[in-house]
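K.L.:
quick one: sequence and predicted model below, then my questions.
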Amino acid sequence: MTWDRQIILKTPQEIAIMREAGRINALALAAVREAARPGVTTAELDAVAEAVIRSHGATPAFKGYPGPYPYPATITVSINDELVHGIPSEKRRLHEGDIVSIDCGTIYKGFVGDSAFTMGIGEISPEAQRLLAVTERALYVGIEHLRPGNRVGDVSAAIQRYVERHGFHVTREYTGHGVGREMHEGPAVPNYGAPGRGVLLRAGMVVALEPMVLIGTPKTRVLPDRWTVASADGSLTAHFEHTVAVTEDGPYILTVV
Ligand code: MG
Ligand code: MG
């Protein structure tokens, strides 16, 4: 998925509001992490996130988001081969050994915070552990390149190189993105690319960087619910995301507590 959306620079005052949106989003994700255990339903996790967001006077950014039909929940919960956009359900329970990706968005004072993580439920396989470690590390490798004067391709190439060096794949079909008053603004920030190419990064840009990594293939498929995206071959996947401001002082991660 790519788009030609406008790049909108943020003032320091706007970035301060986005930091608060990001903090609330991080608190919601921390509460979900705390609640995630074998037997819990994904709908219960969704309720946990929504309660945290609303308790801070903020609103869920994903609810009603346009797609095949308006997105019906606060978080996406994507289990094992599911990469992104899994819809919470009262019928879906977590099991020991699952790996679960949680993505969440928060709107606070008109600005969006967007972040995600993948965790293991109980004991997970060594391969799954390695997938989580590589994907999370790839996010920080990319963040290091979010500096004025670099180009989007520098960020994208660093993520791709890191992931592929570890024998895994990055999706070509979904990307990171600018974020602000809209959850998806320009520029698109793919997890693959060539150094020195693409949009020039400038102070005041805010982007949601989000490596999506698959063990067996870069290819994905959309499940019959028309939202959930899974690996084409059924192999495990992981997803980590932060909203990060590009500043003269370097990358400033907004979606932390
Ligand atoms: Mg997200
Ligand atoms: Mg995002």
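P.N.:
Here it is on my side, so go on. Numbering: from 1, shown residues only. Ligands and ions are numbered 1, 2, ... in the order given.
K.L.:
give me the pLDDT for the nearest residue to His95 once chain neighbours are set aside.
P.N.:
Distances taken as Cβ to Cβ, 6 or more residues apart in numbering put Pro38 closest to His95, at 5.7 Å, once the chain neighbours are dropped. Placement of C-beta: from N, CA and C, glycine included. Looking at Pro38, its pLDDT stands at 98.
K.L.:
ok, now how distant is Pro38 from ligand 1?
P.N.:
Distance, Pro38 to ligand 1, by Cβ to the ion, to the nearest Å: 25 Å.
K.L.:
for the stretch 51-200 of the chain, which residues are neighbours of ligand 2?
P.N.:
Asp114 (Cβ under 5 Å from the ion).
K.L.:
nearest to ligand 2: which residue in the stretch 51-200 of the chain?
P.N.:
Going by Cβ to the ion, ligand 2 is nearest to Asp114 of the stretch 51-200 of the chain, at 4.3 Å.
K.L.:
got the contact list for that residue?
P.N.:
25, 61, 103-105, 179, 183, 208, 241, 243, 255 (Cβ atoms under 8 Å, 6 or more residues apart in numbering).
K.L.:
beta-bridge partners for it, please?
P.N.:
When bridges are called by DSSP bridges, Asp114 pairs up with Gly105.
K.L.:
straight-line length of stretch 243-257, end to end?
P.N.:
Start-to-end span of stretch 243-257 (Cα to Cα, to the nearest Å) is 12 Å.
K.L.:
then stretch 178-194?
P.N.:
End-to-end span of stretch 178-194 (Cα to Cα): 19 Å.
K.L.:
name the residues of that stretch that come out as buried.
P.N.:
178-180, 183-193 (16 or more other Cβ atoms under 10 Å).
K.L.:
chain center to it: distance?
P.N.:
Relative to the chain's own centre, stretch 178-194 is displaced by 11 Å; criterion: Cα atoms, centre = their mean, to the nearest Å.
K.L.:
what about that stretch and ligand 1, any contact?
P.N.:
No - contact of stretch 178-194 with ligand 1 is not found when judged by Cβ under 5 Å from the ion; the minimum separation is 7.9 Å.
K.L.:
and that stretch, average pLDDT?
P.N.:
Stretch 178-194 carries an average pLDDT of 98.
K.L.:
state the distance from Ala43 to ligand 2.
P.N.:
22 Å.
K.L.:
so which strand or helix has that residue?
P.N.:
Using DSSP states H and E, Ala43 falls within helix 42-55.
K.L.:
which residues touch whichever helix or strand comes after that helix?
P.N.:
Using DSSP H and E, the helix or strand that follows helix 42-55 towards the C-terminus is strand 59-60. With contacts defined as Cβ under 8 Å, 6+ apart, strand 59-60 is touched by 49-50, 53, 73-74, 104-107.
K.L.:
ok so, going back, name the helices or strands packed onto the helix holding Ala43?
P.N.:
Counting by 3 or more Cβ pairs under 8 Å, 6 or more residues apart in numbering; DSSP states H and E, the packing neighbours recorded for helix 42-55 are helix 12-35, strand 59-60, strand 75-79, strand 99-108.
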